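**Student:** the sequence and its predicted three-dimensional model are supplied below.
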Amino acid sequence: MNKTVLIVDDDKEICELLNMFLTLEKYNVISANTGMEGLDKFRSDKFDVILLDISLPDINGQQLCKLIRQESDIPIIMVSTNDSVSDKVICLEYGADDYISKPFENMELIARIKAVLRRSDKHIEVNDDSENGIINFQGLKIDYSERHVTTHNNIPVNLTPKEFELLVYFAKNAGETLNRDTIIEDLWGKNTLYRWSRSLDVHIQNLRQKIEKNPKNPSIIQTVSGIGYKIAK
């Protein structure tokens, strides 16, 4: 089945050109020319990847990326005429999966789309000894098939898609000391910009707030200086 791309860009000419090219490459394409129109279409239809321009007339593309990331783990590629590293890092920290600068070659865009889709399709497998897709970890019941988490007394733990993915990853590696770069590569792919950003640290900080008894002195996800994180067994 063909993948569907949502393009959010206020330049109608660019949208038309991308539509033509991506259609030739067997993608389904839907376009939006404002941030709010893009958000409405994202919420009302199913997409596989979003191309999101930073400079939109009604809302900053980075803020829109942050809003979408709170609701979904859909791959997001930011598009901008600005090639600064600081802009790229901010976008990644807001949840973007990749960043491409205008002008770009069409085949480079296709390569980046394929790369984020490969990472998206690489689901974390549940441990072989888990029963019915359930992982029990540090007093938490992780239902992988339903993608929700509850405490031992059935109180829901509301996690974002990336926080859930991190928690499953840590549960599978309980008792291990994990290198920071390894975590980033396993969950985000070989995007070196993530190594410069604090995206992982922010996600872990937020996850600690939700699962640790004392987030300031964590016992489940412990920082190991100069290495990464040690996960409780």
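**Tutor:** Now that the structure is in, tell me what you want to look at. Everything numeric here is computed off the predicted structure, so don't read it as measured data. Numbers count the residues shown, from 1 in each chain.

**Student:** for the closest residue to P75 other than its chain neighbours, grab phi and psi.
**Tutor:** Distances taken as CB to CB, 6 or more residues apart in numbering put V116 closest to P75, at 3.8 Å, once the chain neighbours are dropped. Where C-beta positions appear, they are placed from N, C-alpha and C, glycine not excepted. Dihedral angles of V116 (phi, psi; degrees, to the nearest 10) stand at phi -70, psi -30.

**Student:** got it, and K102?
**Tutor:** phi -80, psi 140.

**Student:** that one: what's it in contact with?
**Tutor:** 79-81 (CB atoms under 8 Å, 6 or more residues apart in numbering).

**Student:** correct me, but the residue nearest to P75 touches I100?
**Tutor:** No: taking contacts as CB atoms under 8 Å, V116 lies outside contact range of I100: 10.7 Å.

**Student:** give me the common contacts of these two.
**Tutor:** I77.

**Student:** of those two, which one has the most company?
**Tutor:** Neighbours were tallied for V116 and for I100 using other CB atoms under 10 Å; the higher tally belongs to V116 (22 against 19).

**Student:** spatially nearest residue to C15, not counting backbone neighbours?
**Tutor:** S31 is the one closest to C15 (CB to CB, 6+ apart), at 4.2 Å.

**Student:** so the one you found bridges to which residues?
**Tutor:** As for beta bridges, S31 partners with I7 under DSSP bridges.

**Student:** mind checking pLDDT for it?
**Tutor:** On the pLDDT scale, S31 is placed at 98.

**Student:** and the gap between it and H148?
**Tutor:** 33 Å (CB to CB, to the nearest Å).

**Student:** between those two, who's got more neighbours?
**Tutor:** Just comparing S31 and H148: by other CB under 10 Å the higher neighbour count belongs to S31, 19 against 14.

**Student:** contact partners for the more buried one?
**Tutor:** 6-9, 15, 18-19.

**Student:** against S101, how distant is it?
**Tutor:** Applying CB to CB to S31 and S101 gives a distance of 20 Å.

**Student:** residues in contact with R112?
**Tutor:** R112 sits in contact with 77, 98, 100, where contact means CB under 8 Å, 6+ apart.

**Student:** ok, the second one to K88 distance?
**Tutor:** Taken as CB to CB, the spacing of D98 relative to K88 amounts to 9 Å.

**Student:** mutual contacts of these two, please.
**Tutor:** With CB under 8 Å, 6+ apart, D98 and K88 have common neighbours M78.

**Student:** ok, so what distance separates the residue lying closest to T150 once chain neighbours are set aside from N214?
**Tutor:** Distances taken as CB to CB, 6+ apart place K141 nearest to T150, at 4.9 Å, with adjacent residues excluded. Applying CB to CB, the value for K141 to N214 is 21 Å.
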